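Student: A predicted structure for the sequence below; I have some questions about it.
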Amino acid sequence: MEESLILQNRLRVARAEKKLSQGDLAKLVSVSRQTISSIETGQFCPSAKLALLICIALDKEFEELFYFE
């Protein structure tokens, strides 16, 4: 039986620490505000490139923002 891993994130908390709105972060990484919202709620799994851009924009390591559950 194969167990699936679900990518979770701490994006909302990290974004709040930087005092950025979803729109602000979206502009920094060149996506829509809806994309950031979908990532935060777990409805959308970002590509490796987008995850890296988000980490850079928030000055966080990947493991600080994303984890498997």
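Tutor: Happy to help now that I have it. Residues are numbered from 1 along each chain as shown.
Student: Can you name the residues in contact with stretch 50-67?
Tutor: Here stretch 50-67 makes contact (C-beta atoms under 8 Å, 6 or more residues apart in numbering) with 7-11, 14-15, 17-18, 20, 25, 28-31, 39, 46. Using the backbone N, CA and C atoms, a C-beta is placed for each residue, glycine as well.
Student: hmm, try it at 6 Å
Tutor: Applying C-beta atoms under 6 Å, 6 or more residues apart in numbering, the contact partners of stretch 50-67 are 7-11, 14, 18, 28-29.
Student: Give me the ChimeraX select line for the residues you listed, limited to the buried ones.
Tutor: Only the buried entries of the contacts of stretch 50-67 go into this ChimeraX selection, using 16 or more other C-beta atoms under 10 Å:
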select :9,11,14,28,29
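Student: so of the contacts of stretch 50-67, which ones are in strands?
Tutor: Among those, the residues falling in strands (DSSP state E) are 7-9.
Student: So, low pLDDT: which residues of this structure?
Tutor: Per-residue confidence for the chain (pLDDT under 70) gives these ranges: 1-2.
Student: Please enumerate the strands of it.
Tutor: Ranges of strands in the chain, per DSSP E, are 7-9, 66-68.
Student: Using CSV, lay out those strands together with distance to Ala51.
Tutor: Below are the strands of the chain laid out as CSV (distance: least, C-beta to C-beta, whole Å):
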stretch, distance to Ala51
strand 7-9, 9
strand 66-68, 6
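Student: For Thr35, which of the ones you listed is the nearest?
Tutor: Counting by C-beta to C-beta, Thr35 lies closest to strand 7-9 out of those; the figure is 12.9 Å.
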